[in-house]
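J.: got a sequence here, can you model it:
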Amino acid sequence: MKQVAIPRVVIAGTHSGCGKTTVTRGIMEALVARGYTVQPFKVGPDFIDPTHHAAVCGRASRNLDPFMMGEEGVAETFARACQGADIAVIEGVMGMYDGMDGTDCASTAHVSRILSSPCVLVADVRGMSRSVHALLLGYSSFDPSVRIAGAIFNRTGSDRHRSVIASGMRLPALGYVPWQPDLRVESRHLGLLMASEAGASRKFGRAMEECCDIDGIIRIAREAPPLAVEGALDWTIPPPSVAIGVAMDPAFCFYYQENLDLLRVSGARLLFFSPLEEPLPQVDAVYLGGGYPELHAERLSRSACTASLRRSGSDGMPVFGECGGLLYLCESLETERSYPMAGVLPATARMTGKLQALDYVEGVWSGGPPLVPAGCSLRGHEFHYSSVSCQGDARFALALSRGKGISGGQDGLFEHGAVGTYAHSYFSPAFAKSLVRAAEEYRKT
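T.: So this is what the prediction gives:
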(Lines give C-alpha, C1' and ligand atoms only; values in the text may rest on other atoms or scores of the structure.)
Protein backbone atom coordinates (compact mmCIF):
# COMPACT_ATOMS: atom_id res chain seq x y z
CA MET A 1 0.00 0.00 0.00
CA LYS A 2 1.39 3.39 -1.01
CA GLN A 3 0.33 6.86 0.06
CA VAL A 4 0.16 9.27 -2.88
CA ALA A 5 -0.11 12.98 -2.15
CA ILE A 6 -1.17 15.00 -5.19
CA PRO A 7 -3.44 18.08 -5.28
CA ARG A 8 -6.51 17.17 -7.30
CA VAL A 9 -9.94 18.45 -8.24
CA VAL A 10 -12.88 16.99 -10.15
CA ILE A 11 -14.74 19.34 -12.49
CA ALA A 12 -18.29 17.98 -12.41
CA GLY A 13 -21.40 19.13 -14.23
CA THR A 14 -25.10 19.36 -13.48
CA HIS A 15 -25.83 17.73 -16.86
CA SER A 16 -24.35 17.03 -20.28
CA GLY A 17 -23.92 20.24 -22.22
CA CYS A 18 -23.55 22.49 -19.18
CA GLY A 19 -20.09 23.59 -20.33
CA LYS A 20 -17.83 21.46 -18.15
CA THR A 21 -15.48 20.58 -21.04
CA THR A 22 -14.98 24.26 -21.87
CA VAL A 23 -14.49 25.13 -18.20
CA THR A 24 -12.16 22.17 -17.61
CA ARG A 25 -10.02 23.02 -20.61
CA GLY A 26 -9.88 26.64 -19.51
CA ILE A 27 -8.81 25.73 -15.96
CA MET A 28 -6.10 23.46 -17.36
CA GLU A 29 -4.87 26.24 -19.66
CA ALA A 30 -4.84 28.75 -16.80
CA LEU A 31 -2.84 26.39 -14.59
CA VAL A 32 -0.33 25.62 -17.35
CA ALA A 33 0.06 29.35 -18.02
CA ARG A 34 0.93 29.79 -14.35
CA GLY A 35 3.70 27.22 -14.69
CA TYR A 36 2.02 24.15 -13.19
CA THR A 37 2.58 20.66 -14.59
CA VAL A 38 -1.01 19.46 -14.95
CA GLN A 39 -1.99 15.80 -15.24
CA PRO A 40 -5.39 15.56 -16.97
CA PHE A 41 -8.02 12.85 -16.64
CA LYS A 42 -11.46 12.11 -18.06
CA VAL A 43 -14.17 10.11 -16.30
CA GLY A 44 -15.81 7.52 -18.52
CA PRO A 45 -15.22 5.97 -21.94
CA ASP A 46 -14.37 9.12 -23.89
CA PHE A 47 -11.77 9.44 -26.66
CA ILE A 48 -12.28 13.06 -27.71
CA ASP A 49 -12.06 15.20 -24.57
CA PRO A 50 -8.68 13.62 -23.66
CA THR A 51 -7.20 14.94 -26.92
CA HIS A 52 -8.06 18.48 -25.82
CA HIS A 53 -6.57 17.84 -22.39
CA ALA A 54 -3.34 16.49 -23.86
CA ALA A 55 -3.03 19.40 -26.30
CA VAL A 56 -3.24 21.84 -23.39
CA CYS A 57 -1.23 19.99 -20.74
CA GLY A 58 1.43 18.27 -22.85
CA ARG A 59 0.74 15.01 -20.99
CA ALA A 60 -1.44 12.10 -22.08
CA SER A 61 -4.91 12.28 -20.55
CA ARG A 62 -6.10 9.05 -18.92
CA ASN A 63 -9.62 7.67 -18.74
CA LEU A 64 -10.94 6.72 -15.32
CA ASP A 65 -13.86 4.29 -15.49
CA PRO A 66 -14.71 1.99 -12.56
CA PHE A 67 -16.82 -0.34 -14.72
CA MET A 68 -14.06 -1.01 -17.22
CA MET A 69 -11.08 -0.73 -14.85
CA GLY A 70 -12.40 -1.59 -11.41
CA GLU A 71 -12.01 0.75 -8.43
CA GLU A 72 -8.43 -0.37 -7.73
CA GLY A 73 -7.60 0.16 -11.40
CA VAL A 74 -8.90 3.72 -11.22
CA ALA A 75 -6.77 4.55 -8.18
CA GLU A 76 -3.66 2.81 -9.57
CA THR A 77 -3.93 4.46 -12.99
CA PHE A 78 -4.47 7.84 -11.38
CA ALA A 79 -1.49 7.55 -9.06
CA ARG A 80 0.86 6.21 -11.73
CA ALA A 81 -0.09 8.93 -14.24
CA CYS A 82 0.36 11.70 -11.66
CA GLN A 83 4.06 11.02 -11.15
CA GLY A 84 5.95 14.21 -11.95
CA ALA A 85 2.81 16.38 -11.93
CA ASP A 86 2.02 19.33 -9.65
CA ILE A 87 -1.76 19.02 -9.79
CA ALA A 88 -4.41 16.73 -11.32
CA VAL A 89 -7.58 17.99 -13.00
CA ILE A 90 -10.29 15.40 -13.63
CA GLU A 91 -13.14 16.18 -16.03
CA GLY A 92 -16.39 14.44 -15.14
CA VAL A 93 -18.93 12.75 -17.39
CA MET A 94 -22.58 13.69 -18.01
CA GLY A 95 -24.32 14.91 -14.87
CA MET A 96 -22.44 14.37 -11.65
CA TYR A 97 -24.50 11.42 -10.41
CA ASP A 98 -25.26 9.82 -13.78
CA GLY A 99 -23.90 6.27 -13.76
CA MET A 100 -24.49 2.97 -15.51
CA ASP A 101 -28.13 1.89 -15.78
CA GLY A 102 -29.32 4.64 -13.47
CA THR A 103 -26.93 3.60 -10.70
CA ASP A 104 -23.93 5.35 -9.21
CA CYS A 105 -21.45 3.00 -10.93
CA ALA A 106 -18.91 4.81 -13.12
CA SER A 107 -20.42 8.22 -12.38
CA THR A 108 -18.37 11.32 -11.69
CA ALA A 109 -19.38 11.05 -8.03
CA HIS A 110 -18.17 7.44 -7.94
CA VAL A 111 -14.72 8.41 -9.22
CA SER A 112 -14.49 11.38 -6.85
CA ARG A 113 -15.09 9.03 -3.90
CA ILE A 114 -12.50 6.51 -5.12
CA LEU A 115 -9.93 9.31 -5.38
CA SER A 116 -11.08 11.21 -2.25
CA SER A 117 -11.16 14.26 -4.47
CA PRO A 118 -13.12 17.47 -3.91
CA CYS A 119 -15.41 18.58 -6.71
CA VAL A 120 -16.22 21.87 -8.38
CA LEU A 121 -19.70 21.85 -9.93
CA VAL A 122 -20.35 23.62 -13.24
CA ALA A 123 -23.95 24.88 -13.54
CA ASP A 124 -25.48 26.33 -16.69
CA VAL A 125 -27.57 29.28 -15.48
CA ARG A 126 -29.19 30.30 -18.73
CA GLY A 127 -32.84 30.96 -17.99
CA MET A 128 -32.53 30.83 -14.20
CA SER A 129 -31.25 32.90 -11.31
CA ARG A 130 -32.17 32.10 -7.69
CA SER A 131 -33.38 28.65 -8.72
CA VAL A 132 -29.80 27.56 -9.31
CA HIS A 133 -29.25 27.50 -5.56
CA ALA A 134 -32.02 24.95 -5.09
CA LEU A 135 -30.29 22.91 -7.76
CA LEU A 136 -26.91 23.20 -6.05
CA LEU A 137 -28.39 22.41 -2.66
CA GLY A 138 -29.79 19.19 -4.07
CA TYR A 139 -26.47 18.22 -5.65
CA SER A 140 -24.45 18.98 -2.51
CA SER A 141 -26.79 17.09 -0.14
CA PHE A 142 -27.70 14.15 -2.40
CA ASP A 143 -24.60 12.15 -1.42
CA PRO A 144 -22.89 13.33 1.78
CA SER A 145 -19.81 11.23 0.94
CA VAL A 146 -19.07 13.52 -2.01
CA ARG A 147 -17.61 16.93 -1.28
CA ILE A 148 -18.73 19.73 -3.58
CA ALA A 149 -16.37 22.52 -2.62
CA GLY A 150 -17.79 25.23 -4.85
CA ALA A 151 -19.59 26.12 -8.04
CA ILE A 152 -18.83 27.82 -11.34
CA PHE A 153 -21.83 29.52 -12.91
CA ASN A 154 -21.58 29.17 -16.67
CA ARG A 155 -23.29 31.22 -19.39
CA THR A 156 -24.27 34.13 -17.18
CA GLY A 157 -25.94 37.12 -18.82
CA SER A 158 -25.94 40.70 -17.60
CA ASP A 159 -24.27 42.12 -14.50
CA ARG A 160 -27.70 42.09 -12.86
CA HIS A 161 -28.06 38.38 -13.64
CA ARG A 162 -24.77 37.75 -11.85
CA SER A 163 -25.70 39.90 -8.85
CA VAL A 164 -29.05 38.16 -8.43
CA ILE A 165 -27.29 34.78 -8.39
CA ALA A 166 -24.70 36.05 -5.91
CA SER A 167 -27.36 37.31 -3.49
CA GLY A 168 -28.60 33.81 -2.69
CA MET A 169 -25.29 31.97 -2.55
CA ARG A 170 -25.23 28.62 -0.70
CA LEU A 171 -21.97 27.17 -2.07
CA PRO A 172 -18.74 29.14 -2.52
CA ALA A 173 -18.77 30.83 -5.93
CA LEU A 174 -15.61 29.99 -7.85
CA GLY A 175 -16.52 31.75 -11.05
CA TYR A 176 -19.09 33.44 -13.25
CA VAL A 177 -18.46 32.72 -16.92
CA PRO A 178 -20.47 34.95 -19.26
CA TRP A 179 -22.02 33.52 -22.41
CA GLN A 180 -19.59 33.95 -25.32
CA PRO A 181 -20.45 32.48 -28.73
CA ASP A 182 -16.82 31.66 -29.51
CA LEU A 183 -16.13 30.02 -26.15
CA ARG A 184 -17.03 26.48 -27.18
CA VAL A 185 -15.76 23.54 -29.21
CA GLU A 186 -17.72 22.51 -32.30
CA SER A 187 -19.43 19.09 -32.34
CA ARG A 188 -20.51 16.39 -34.77
CA HIS A 189 -22.22 13.00 -34.60
CA LEU A 190 -19.76 11.29 -32.21
CA GLY A 191 -19.12 14.33 -30.02
CA LEU A 192 -16.75 17.28 -30.06
CA LEU A 193 -14.19 17.84 -32.76
CA MET A 194 -10.80 16.32 -31.98
CA ALA A 195 -8.21 18.74 -30.62
CA SER A 196 -6.21 18.57 -33.87
CA GLU A 197 -9.30 19.70 -35.80
CA ALA A 198 -10.48 22.38 -33.38
CA GLY A 199 -7.15 24.21 -33.59
CA ALA A 200 -4.85 25.61 -30.95
CA SER A 201 -6.14 28.43 -28.79
CA ARG A 202 -5.52 29.78 -25.32
CA LYS A 203 -8.78 31.76 -25.21
CA PHE A 204 -10.34 29.27 -22.79
CA GLY A 205 -7.57 29.76 -20.24
CA ARG A 206 -7.69 33.53 -20.53
CA ALA A 207 -11.44 33.48 -20.02
CA MET A 208 -11.21 31.28 -16.91
CA GLU A 209 -8.38 33.38 -15.47
CA GLU A 210 -10.57 36.46 -15.86
CA CYS A 211 -13.84 34.94 -14.71
CA CYS A 212 -12.90 32.24 -12.18
CA ASP A 213 -11.10 32.06 -8.85
CA ILE A 214 -8.14 29.97 -10.00
CA ASP A 215 -6.39 30.53 -6.66
CA GLY A 216 -9.47 29.16 -4.90
CA ILE A 217 -9.55 26.09 -7.16
CA ILE A 218 -5.87 25.43 -6.42
CA ARG A 219 -6.56 25.77 -2.69
CA ILE A 220 -9.41 23.26 -2.93
CA ALA A 221 -7.22 20.81 -4.87
CA ARG A 222 -4.55 21.04 -2.16
CA GLU A 223 -7.10 20.05 0.47
CA ALA A 224 -7.41 16.55 -1.01
CA PRO A 225 -5.97 13.99 1.45
CA PRO A 226 -3.21 11.49 0.62
CA LEU A 227 -4.55 8.61 -1.47
CA ALA A 228 -3.87 5.01 -0.45
CA VAL A 229 -3.07 2.94 -3.56
CA GLU A 230 -2.40 -0.74 -4.09
CA GLY A 231 -0.43 -2.10 -7.04
CA ALA A 232 2.73 -1.19 -8.90
CA LEU A 233 2.96 2.46 -9.85
CA ASP A 234 5.89 1.94 -12.22
CA TRP A 235 5.40 -0.08 -15.38
CA THR A 236 8.67 -1.49 -16.64
CA ILE A 237 8.94 -1.40 -20.44
CA PRO A 238 10.92 -4.46 -21.61
CA PRO A 239 12.95 -4.58 -24.82
CA PRO A 240 10.37 -5.02 -27.59
CA SER A 241 10.00 -8.42 -29.22
CA VAL A 242 7.58 -7.32 -31.96
CA ALA A 243 6.46 -4.23 -33.84
CA ILE A 244 2.75 -3.39 -33.84
CA GLY A 245 1.44 -0.77 -36.25
CA VAL A 246 -1.13 1.59 -34.72
CA ALA A 247 -3.28 3.58 -37.15
CA MET A 248 -3.29 7.22 -36.08
CA ASP A 249 -4.77 9.92 -38.29
CA PRO A 250 -8.12 11.73 -38.76
CA ALA A 251 -9.79 8.43 -39.76
CA PHE A 252 -8.46 6.35 -36.83
CA CYS A 253 -7.87 8.25 -33.61
CA PHE A 254 -9.82 6.62 -30.76
CA TYR A 255 -7.44 4.91 -28.33
CA TYR A 256 -7.21 4.52 -24.58
CA GLN A 257 -3.71 5.56 -23.52
CA GLU A 258 -3.64 2.66 -21.07
CA ASN A 259 -4.14 0.19 -23.93
CA LEU A 260 -1.13 1.56 -25.77
CA ASP A 261 0.97 1.51 -22.60
CA LEU A 262 -0.09 -2.06 -21.82
CA LEU A 263 1.02 -3.21 -25.28
CA ARG A 264 4.44 -1.64 -24.64
CA VAL A 265 4.66 -3.32 -21.24
CA SER A 266 3.80 -6.62 -22.93
CA GLY A 267 6.75 -6.32 -25.33
CA ALA A 268 5.50 -4.33 -28.31
CA ARG A 269 7.17 -1.46 -30.10
CA LEU A 270 4.40 0.75 -31.43
CA LEU A 271 4.74 2.26 -34.90
CA PHE A 272 2.15 4.94 -35.53
CA PHE A 273 1.13 5.41 -39.15
CA SER A 274 -1.60 6.99 -41.28
CA PRO A 275 -3.69 4.65 -43.45
CA LEU A 276 -4.79 7.78 -45.31
CA GLU A 277 -1.27 8.89 -46.21
CA GLU A 278 1.14 5.97 -45.86
CA PRO A 279 1.52 2.34 -46.86
CA LEU A 280 1.34 -0.30 -44.17
CA PRO A 281 4.71 -0.26 -42.36
CA GLN A 282 6.85 -3.33 -41.77
CA VAL A 283 5.14 -4.69 -38.67
CA ASP A 284 4.14 -7.98 -37.08
CA ALA A 285 0.56 -6.97 -36.20
CA VAL A 286 -1.83 -4.03 -36.66
CA TYR A 287 -4.15 -2.23 -34.25
CA LEU A 288 -6.92 -0.19 -35.91
CA GLY A 289 -8.77 1.98 -33.40
CA GLY A 290 -12.07 3.73 -33.87
CA GLY A 291 -12.56 7.12 -35.43
CA TYR A 292 -14.15 8.49 -38.57
CA PRO A 293 -13.42 6.25 -41.56
CA GLU A 294 -16.83 7.26 -42.96
CA LEU A 295 -15.57 10.83 -43.40
CA HIS A 296 -12.55 9.61 -45.37
CA ALA A 297 -13.97 6.56 -47.14
CA GLU A 298 -13.00 7.68 -50.64
CA ARG A 299 -9.38 8.34 -49.68
CA LEU A 300 -9.17 5.08 -47.77
CA SER A 301 -10.52 3.15 -50.76
CA ARG A 302 -7.63 4.49 -52.86
CA SER A 303 -4.84 4.38 -50.26
CA ALA A 304 -1.77 2.20 -50.54
CA CYS A 305 -2.39 0.99 -46.98
CA THR A 306 -5.75 -0.50 -47.90
CA ALA A 307 -4.26 -2.68 -50.61
CA SER A 308 -1.33 -3.83 -48.45
CA LEU A 309 -3.61 -4.48 -45.46
CA ARG A 310 -5.77 -6.67 -47.69
CA ARG A 311 -2.73 -8.75 -48.64
CA SER A 312 -1.24 -8.94 -45.15
CA GLY A 313 -4.58 -9.69 -43.50
CA SER A 314 -5.28 -12.52 -45.94
CA ASP A 315 -1.78 -13.82 -45.24
CA GLY A 316 -2.60 -14.27 -41.56
CA MET A 317 -1.13 -11.14 -39.99
CA PRO A 318 -2.79 -10.44 -36.62
CA VAL A 319 -5.06 -7.42 -37.08
CA PHE A 320 -7.33 -6.04 -34.38
CA GLY A 321 -9.93 -3.47 -35.42
CA GLU A 322 -12.36 -1.63 -33.13
CA CYS A 323 -15.51 0.07 -34.45
CA GLY A 324 -14.04 2.31 -37.18
CA GLY A 325 -11.29 -0.28 -37.55
CA LEU A 326 -13.98 -2.94 -37.99
CA LEU A 327 -15.57 -0.92 -40.81
CA TYR A 328 -12.20 -0.56 -42.52
CA LEU A 329 -11.61 -4.32 -42.42
CA CYS A 330 -14.94 -5.02 -44.15
CA GLU A 331 -15.30 -5.51 -47.89
CA SER A 332 -17.02 -2.17 -48.39
CA LEU A 333 -18.32 0.88 -46.53
CA GLU A 334 -21.45 2.64 -47.73
CA THR A 335 -21.82 6.34 -47.03
CA GLU A 336 -23.35 8.46 -49.80
CA ARG A 337 -22.17 5.61 -52.03
CA SER A 338 -20.29 2.35 -51.54
CA TYR A 339 -16.47 2.37 -51.28
CA PRO A 340 -14.25 -0.71 -51.31
CA MET A 341 -12.36 -1.24 -48.07
CA ALA A 342 -9.62 -3.70 -47.02
CA GLY A 343 -11.82 -6.76 -47.53
CA VAL A 344 -10.18 -8.83 -44.80
CA LEU A 345 -13.47 -9.65 -43.03
CA PRO A 346 -16.49 -11.26 -44.78
CA ALA A 347 -18.93 -8.39 -44.26
CA THR A 348 -20.13 -5.06 -45.61
CA ALA A 349 -20.67 -1.90 -43.57
CA ARG A 350 -23.15 0.94 -43.95
CA MET A 351 -23.62 4.30 -42.26
CA THR A 352 -27.23 4.52 -41.09
CA GLY A 353 -27.56 8.17 -40.12
CA LYS A 354 -28.93 7.33 -36.69
CA LEU A 355 -27.53 5.98 -33.45
CA GLN A 356 -27.29 2.19 -33.45
CA ALA A 357 -25.68 1.51 -30.06
CA LEU A 358 -24.53 3.43 -27.01
CA ASP A 359 -23.74 1.42 -23.91
CA TYR A 360 -21.14 -0.43 -21.91
CA VAL A 361 -20.35 -3.92 -23.15
CA GLU A 362 -19.21 -7.05 -21.38
CA GLY A 363 -18.36 -10.45 -22.77
CA VAL A 364 -16.00 -13.41 -22.99
CA TRP A 365 -13.58 -14.27 -25.78
CA SER A 366 -14.04 -17.73 -27.26
CA GLY A 367 -12.04 -19.63 -29.86
CA GLY A 368 -10.73 -17.58 -32.76
CA PRO A 369 -7.44 -16.37 -34.24
CA PRO A 370 -4.24 -16.55 -32.15
CA LEU A 371 -4.64 -12.99 -30.91
CA VAL A 372 -7.86 -13.93 -29.07
CA PRO A 373 -7.24 -15.09 -25.46
CA ALA A 374 -9.94 -17.77 -25.17
CA GLY A 375 -11.87 -17.57 -21.91
CA CYS A 376 -10.66 -14.06 -21.17
CA SER A 377 -13.31 -11.51 -20.22
CA LEU A 378 -13.76 -8.16 -21.93
CA ARG A 379 -15.24 -4.90 -20.74
CA GLY A 380 -15.64 -1.84 -22.90
CA HIS A 381 -18.07 0.48 -24.62
CA GLU A 382 -19.92 0.75 -27.94
CA PHE A 383 -21.07 3.92 -29.69
CA HIS A 384 -21.76 3.96 -33.42
CA TYR A 385 -24.03 5.07 -36.25
CA SER A 386 -23.28 2.17 -38.59
CA SER A 387 -24.34 -1.40 -39.17
CA VAL A 388 -22.39 -4.42 -40.42
CA SER A 389 -23.94 -7.19 -42.55
CA CYS A 390 -22.03 -10.46 -42.40
CA GLN A 391 -21.92 -13.35 -44.82
CA GLY A 392 -23.75 -16.50 -43.83
CA ASP A 393 -20.63 -18.36 -42.78
CA ALA A 394 -19.31 -15.51 -40.61
CA ARG A 395 -17.60 -16.54 -37.39
CA PHE A 396 -17.53 -14.62 -34.10
CA ALA A 397 -15.02 -14.81 -31.28
CA LEU A 398 -16.76 -12.67 -28.66
CA ALA A 399 -20.02 -13.54 -26.88
CA LEU A 400 -21.54 -10.53 -25.13
CA SER A 401 -23.58 -10.70 -21.96
CA ARG A 402 -24.13 -6.94 -22.25
CA GLY A 403 -24.27 -4.88 -25.43
CA LYS A 404 -25.41 -5.35 -29.04
CA GLY A 405 -22.14 -6.17 -30.79
CA ILE A 406 -22.24 -6.84 -34.52
CA SER A 407 -25.25 -9.16 -34.53
CA GLY A 408 -27.47 -10.42 -31.73
CA GLY A 409 -24.92 -10.05 -28.94
CA GLN A 410 -22.14 -11.57 -31.04
CA ASP A 411 -19.01 -9.52 -31.67
CA GLY A 412 -15.45 -10.16 -32.71
CA LEU A 413 -15.99 -11.08 -36.36
CA PHE A 414 -12.86 -12.94 -37.47
CA GLU A 415 -11.17 -14.28 -40.58
CA HIS A 416 -7.57 -15.43 -41.04
CA GLY A 417 -5.65 -13.65 -38.24
CA ALA A 418 -7.92 -10.59 -38.12
CA VAL A 419 -10.65 -9.71 -35.61
CA GLY A 420 -13.07 -6.78 -35.74
CA THR A 421 -15.34 -5.60 -32.93
CA TYR A 422 -17.85 -2.85 -32.37
CA ALA A 423 -16.66 -2.86 -28.76
CA HIS A 424 -14.02 -0.33 -27.81
CA SER A 425 -12.35 -2.57 -25.25
CA TYR A 426 -10.31 -1.60 -22.25
CA PHE A 427 -7.45 -4.08 -22.60
CA SER A 428 -6.76 -6.61 -19.90
CA PRO A 429 -3.12 -7.70 -19.40
CA ALA A 430 -4.12 -11.11 -20.81
CA PHE A 431 -5.45 -9.58 -24.03
CA ALA A 432 -2.39 -7.38 -24.56
CA LYS A 433 -0.06 -10.34 -24.00
CA SER A 434 -2.12 -12.50 -26.36
CA LEU A 435 -1.87 -9.90 -29.12
CA VAL A 436 1.89 -9.63 -28.65
CA ARG A 437 2.28 -13.45 -28.67
CA ALA A 438 0.27 -13.65 -31.90
CA ALA A 439 2.58 -11.05 -33.41
CA GLU A 440 5.60 -13.07 -32.29
CA GLU A 441 4.23 -16.21 -33.94
CA TYR A 442 3.46 -14.36 -37.14
CA ARG A 443 6.96 -12.90 -37.17
CA LYS A 444 8.45 -16.39 -36.99
CA THR A 445 6.52 -17.46 -40.07
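
J.: ok, the nearest residue to residue 304 once chain neighbours are set aside - contacts?
T.: In space, and not counting its chain neighbours, residue 304 is closest to residue 279: 4.1 Å by Cβ to Cβ, 6 or more residues apart in numbering. Any C-beta I mention is one placed from the backbone N, CA and C, and that applies to glycine too. For residue 279, the residues meeting the contact criterion (Cβ atoms under 8 Å, 6 or more residues apart in numbering) are 304-305, 308.

J.: mind checking which of those land in helices?
T.: Secondary structure defined by DSSP state H assigns 304-305, 308 of the contacts of residue 279 to helices.

J.: ok, residues contacting the lengthiest helix in the chain?
T.: Longest helix in the chain by number of residues, with DSSP H as the criterion: helix 429-444. Residues from elsewhere that reach helix 429-444 (Cβ under 8 Å, 6+ apart): 241-244, 259, 262-263, 265-268, 283-285, 287, 316-318, 320, 365, 369-373, 376, 378, 417, 425.

J.: ok, now which ones touch residue 211?
T.: Applying Cβ under 8 Å, 6+ apart, the residues contacting residue 211 are 175-178.

J.: can I get the buried part of those as one ChimeraX selection?
T.: Restricted to the buried members of the contacts of residue 211, where burial is judged by 16 or more other Cβ atoms under 10 Å, the ChimeraX selection command reads as follows:
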select :175,176,177,178
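
J.: hmm, back to that, what is the rounded mean pLDDT of the longest helix of the chain?
T.: Over the span of helix 429-444, the pLDDT mean works out to 97.

J.: which parts of stretch 264-278 are buried?
T.: Buried residues in stretch 264-278, counted by 16+ other Cβ under 10 Å: 264-268, 270-271, 273, 275-276, 278.

J.: show me the residues you listed that map onto helices.
T.: 264-265.

J.: still on that earlier bit, mind listing what's buried in the longest helix of the chain?
T.: Buried positions in helix 429-444, judged by neighbour count with 16+ other Cβ under 10 Å: 431-442.

J.: what sits up against stretch 62-73?
T.: If you take Cβ under 8 Å, 6+ apart as the criterion, stretch 62-73 is touched by 40-46, 50, 74, 77-78, 81, 90, 100, 105-106, 110-111, 114-115, 230-231, 256-258, 360, 379-381, 426.

J.: if we can go back for a sec, and the ones in helices among the contacts of residue 279, which of them are buried?
T.: With burial judged by 16+ other Cβ under 10 Å, the buried subset of those is 305, 308.

J.: any idea which of the ones in helices among the contacts of residue 279 is closest to residue 55?
T.: Nearest to residue 55 out of those is residue 305 (Cβ to Cβ; 25.7 Å).

J.: in this structure the closest one contacts residue 286, no?
T.: No. With contact defined as Cβ atoms under 8 Å, residue 305 and residue 286 do not form a contacting pair (9.5 Å).

J.: name the residues contacting each of these two.
T.: Any residue near both residue 305 and residue 286 by Cβ under 8 Å, 6+ apart counts here, and that gives residue 280.

J.: how about the nearest residue to residue 123, chain neighbours excluded?
T.: For residue 123, ignoring the flanking residues on the chain, the nearest one in space by Cβ to Cβ, 6+ apart is residue 14 at 5.0 Å.

J.: report how many residues lie close to that neighbour.
T.: Number of residues near residue 14 (other Cβ atoms under 10 Å) recorded here: 24.

J.: likewise the one 10 residues further on?
T.: The local packing count at residue 24 equals 30, with neighbours defined by other Cβ under 10 Å.

J.: mind listing what the residue nearest to residue 123 touches?
T.: By Cβ under 8 Å, 6+ apart, the contact list for residue 14 reads 95-96, 121-124, 135, 139.

J.: return the member of these nearest to residue 297.
T.: Checking those against residue 297 by Cβ to Cβ gives residue 95 as the nearest, at 35.4 Å.

J.: wasn't that closest one part of a helix?
T.: No. The assignment for residue 95 by DSSP: H, G, I helix; E, B strand; the rest coil gives coil, which leaves it out of any helix.

J.: low-confidence ranges in the stretch 301-445 of the chain?
T.: Judged against pLDDT under 70, the stretch 301-445 of the chain has no low-scoring part.

J.: could you pull out the strands for the stretch 101-250 of the chain?
T.: With strands called from DSSP state E, counting those that start in this stretch, the stretch 101-250 of the chain shows them at 119-124, 148-156, 173-178, 187-188, 191-192, 227-229, 242-247.

J.: nearest to residue 412, out of the ones you listed?
T.: Relative to residue 412, the nearest member of the strands of the stretch 101-250 of the chain by Cβ to Cβ is strand 242-247, separated by 18.5 Å.

J.: tell me which other helices or strands that closest one touches.
T.: Strand 242-247 sits against strand 268-273, strand 285-288, helix 429-444, with contacts defined as 3 or more Cβ pairs under 8 Å, 6 or more residues apart in numbering; DSSP states H and E.

J.: okay, the angle between the first one and strand 242-247?
T.: Here the directions of strand 268-273 and strand 242-247 differ by 30 degrees (axes from the mean of the first three to the mean of the last three Cα atoms, to 10 degrees).

J.: state the mean pLDDT of strand 268-273.
T.: Averaging pLDDT along strand 268-273 yields 98.

J.: distance between the ends of stretch 26-39?
T.: Stretch 26-39 has an end-to-end distance of 14 Å (criterion: Cα to Cα, to the nearest Å).

J.: starting at the chain centroid, how far to that stretch?
T.: Counting by Cα atoms, centre = their mean, to the nearest Å, stretch 26-39 is centred 21 Å from the centre of its parent chain.

J.: now do the buried residues in it.
T.: Taking 16+ other Cβ under 10 Å as the neighbour-count basis, stretch 26-39 is seen to contain the buried residues 26-32, 36, 38-39.
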